[in-house]
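**Q** Just a sequence and a predicted model for now, questions to come.
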Amino acid sequence: MSGDAAAVVQSGGEERKAVAGNAGGNRIQVSNSKKPLFFYVNLAKRYMQQHGDVELSALGLAISTVVTIAEILKNNGLAVEKKIRTSTVEISDETRGRPIQKAKIEILLGKTENFDDLMAAAAGEAATGDGEEQS
């Protein structure tokens, strides 16, 4: 994955970027309007393979999407919570001409001890499934 890859995402009207090449290289800013849920689940798995952990971040209405992604990864035995931070950020709203307050969440997830085994098993099942479809 390129260090300067970026995808523009929106949540609640404001534009933000999900940038792969930030300081840690493992931060995903989640939206609930541009990409499907499992895009972020699979991206988080890839980041955990590369970096050992992943930080999921969201503003406003996208917070529930971040929590859902974290719970999917935890319930599948792939991730453990390392840290959860909540805060309020001020965003300028051009339509109203004044700053507005938005809730923000950041969830740091780490790989479980059997992450690599589970990913290898999933890759093996996918390869077997592909072979069965072709026969």
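**A** All right, it came through fine.
**Q** what's the neighbour count on residue 88?
**A** Using other CB atoms under 10 Å, residue 88 has 9 neighbouring residues. Every residue, glycine included, has its C-beta placed from N, CA and C.
**Q** Is the nearest residue to it once chain neighbours are set aside in a helix, a strand, or coil?
**A** Closest residue to residue 88 apart from its sequence neighbours, by CB to CB, 6 or more residues apart in numbering: residue 101 at 5.2 Å. At residue 101 the chain is in strand, as set by DSSP: H, G, I helix; E, B strand; the rest coil.
**Q** and residue 101, what is it in contact with?
**A** Shown in contact with residue 101 (CB atoms under 8 Å, 6 or more residues apart in numbering): 88, 89, 90, 91.
**Q** gap between it and residue 65?
**A** 20 Å (CB to CB, to the nearest Å).
**Q** in what helix or strand does residue 127 lie?
**A** Applying DSSP states H and E as the criterion places residue 127 in helix 115-134.
**Q** And that helix, what does it pack against?
**A** Contact partners of helix 115-134 among helices and strands, from 3 or more CB pairs under 8 Å, 6 or more residues apart in numbering; DSSP states H and E: helix 37-51.
**Q** tell me which residues of the helix it packs on are tucked away?
**A** 40, 41, 43, 44, 45, 47, 48 (16 or more other CB atoms under 10 Å).
**Q** need the next SSE after that helix, C-terminal direction.
**A** strand 53-59.
**Q** how much distance is there from the helix or strand just after that following strand to the middle of the chain?
**A** Sequence-wise, the next helix or strand downstream of strand 53-59 (DSSP H and E) is helix 63-75. Distance of helix 63-75 from its chain centroid, counting by CA atoms, centre = their mean, to the nearest Å, is 9 Å.
**Q** swap in stretch 67-80?
**A** 11 Å.
**Q** ok, back up a step: which among the buried residues of helix 37-51 gets closest to residue 106?
**A** residue 44 (13.3 Å; CB to CB).
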